[in-house]
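Novice: Make a model of this:
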Amino acid sequence: MFRRRQKQSITRIFYAGDVHGSRVCWKKFVNAAAHYPADALVMGGDLTGKALVPIVREGDGSYRARVIGESRVAHTAEELDQMQQAISTNGMYALIVDQDEARSLQEDSDKRDRAFEKALLDELRLWIEFADERLAGSEARAYVIPGNDDPWSIDEVLESGTCVDACDETIRMLGPHEMVSFGYSNRTPWQTPRELDEDEIYSRLKRLTDQLEAPERAIFNIHVPPYESSLDTAFEIDQDLRYVTKGGRPHEIATGSPAVRQIIEEAQPLLSLHGHIHESKGVTKIGHTVAINPGSDYGSGHLDGCLIHLAADRVVNQYLVSG
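Specialist: Below you'll find the model as predicted:
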């Protein structure tokens with residue numbers, strides 16, 4: 001007698017990371033819940049942009065700005081909108097100022113820092129409002145953590161959302177799967193806000209993984225990838241933040257975290273999701289664990305992500321996507 005196989009329940013996750021202030025990438029991330037569709041959205045850190053771009057209002061009614069090293073002029077409202085969109089798409093924040101304000105920002109670093117942080121937080125509030133609006137009425141939620149580049153001031157904004165779950169250093173349930181989230185990185189040449197030594201990364205992750213009831217079914221959402229995993233390959237940088245070359249070419253090294261790799265090897269979760277190293281897109285296995293870094297191309301306005309289908313005890317399939 002033949003028995004019909006029981007249909008397994010599938011949890012569908014869309015994962016992306018490292019949007020670095022790109023509004024268009026955030027919108028694509030939120031809209032992925034309906035597009036694919038996905039039961040849960042997971043964002044793996046580095047949410048905020050890195051630069052403030054003043055758009056200077058000239059006396060003749062035109063607007064001028066430097067965007068990615070290029071001088072641009074807008075004469076109409078439509079051209080101004082295009083200029084602002086170009087700035088936002090590249091993960092920066094546009095600020096319209098007159099000539100005196102522009103000069104003051106250039107000369108006063110404290111004022112420039114305050115203006116940058118205000119623009120950053122105002123933009124992030126818009127993102128949270130957009131997510132709350134689009135995900136309202138659905139069962140999908142966006143599970144979001146900061147990354148090493150993100151300032152501490154964003155935490156309160158992330159926690160203000162109703163459909164956005166600020167889940168750093170917590171355990172959440174995604175279907176039958178426990179998810180551990182962790183937004184810090186190991187030490188980098190840039191000395192970013194959220195960096196830790198390897199022993200501290202291990203101890204914090206160990207405190208979380210020791211709470212797991214079923215680590216073999218768990219999901220890790222850890223910003224920094226595991227060391228020597230092929231998901232952490234980047235060009236070596238010296239103390240002056242210049243590329244190290246060997247044989248006339250930039251030298252590639254593993255930049256991930258040994259502590260993260262150790263935790264994965266010990267706990268052997270079902271799935272481990274990472275970002276941080278934009279150029280190291282890929283899927284690999286560490287023991288039984290499927291580990292993924294979808295990479296990042298936020299500067300082009302494309303969102304790199306991964307759609308993962310999980311059964312209770314296995315990764316059914318995963319699709320690296322970009323659009």
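
Novice: Against which helices or strands is whichever strand or helix holds Ile308 packed?
Specialist: Assigned by DSSP states H and E, Ile308 falls within strand 304-310. On a contact count with 3 or more CB pairs under 8 Å, 6 or more residues apart in numbering; DSSP states H and E, strand 304-310 meets strand 11-16, helix 23-35, strand 271-273, strand 315-322. C-beta: built from backbone N, CA, C; applies to glycine.

Novice: Touching the first one from outside, list them.
Specialist: Outside of strand 11-16, the residues that reach it under the criterion CB atoms under 8 Å, 6 or more residues apart in numbering are 25, 29, 32-33, 36-44, 174-177, 219, 221, 273, 275, 292, 294, 303-310.

Novice: list the contacts for the closest residue to Ala218 other than its chain neighbours?
Specialist: In this structure, Ala218 finds its nearest non-sequential neighbour in Pro269, 4.0 Å apart by CB to CB, 6 or more residues apart in numbering. Shown in contact with Pro269 (CB under 8 Å, 6+ apart): 180, 215-220, 289.

Novice: Among the residues you listed, which pair sits farthest apart?
Specialist: Val180 and Glu216 (13.2 Å; CB to CB).

Novice: residue contacts, the closest residue to Val321 other than its chain neighbours?
Specialist: Spatially, and ignoring its direct neighbours in sequence, Val321 is nearest to Gly305 (5.5 Å; CB to CB, 6+ apart). Remark: with contacts taken as CB under 8 Å, 6+ apart, Gly305 is in contact with 14-16, 29, 32, 294, 320-322.

Novice: follow-up on the earlier one: so how far is Pro151 from the residue nearest to Ala218?
Specialist: Here Pro269 is placed at a distance of 29 Å from Pro151 (CB to CB, to the nearest Å).

Novice: Do a quick rundown of the helices in the stretch 151-300 of the chain.
Specialist: 154-158, 198-209, 258-267 (DSSP state H, counting those that start in this stretch).

Novice: Dump the shortest one to CSV, restricted to CA.
Specialist: Included here for helix 154-158 are C-alpha records, laid out as CSV according to Å, rounded to 0.1, in the frame of the first residue of the first chain:
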residue,chain,number,x,y,z
ILE,A,154,18.6,55.1,14.6
ASP,A,155,17.7,52.6,17.2
GLU,A,156,14.8,54.6,18.7
VAL,A,157,13.4,55.2,15.2
LEU,A,158,13.5,51.5,14.3
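
Novice: hey, which of the helices of the stretch 151-300 of the chain is tucked in deepest?
Specialist: Of all those, helix 258-267 has the most neighbours on average by mean count of other CB atoms under 10 Å, namely a mean of 20.

Novice: Show me what that one is packed up against.
Specialist: Against helix 258-267 (3+ CB pairs under 8 Å, 6+ apart) you get helix 198-209, strand 219-222, strand 282-286.

Novice: got the angle for the longest helix seen in the chain vs helix 23-35?
Specialist: Across the chain, the longest stretch assigned as helix under DSSP state H is helix 109-135. Going by axes from the mean of the first three to the mean of the last three CA atoms, to 10 degrees, helix 109-135 is angled at 20 degrees with respect to helix 23-35.

Novice: Going by neighbour count, which residues of helix 109-135 are buried?
Specialist: 115-117, 119-121, 123-124, 127-128, 130-132, 134-135 (16 or more other CB atoms under 10 Å).
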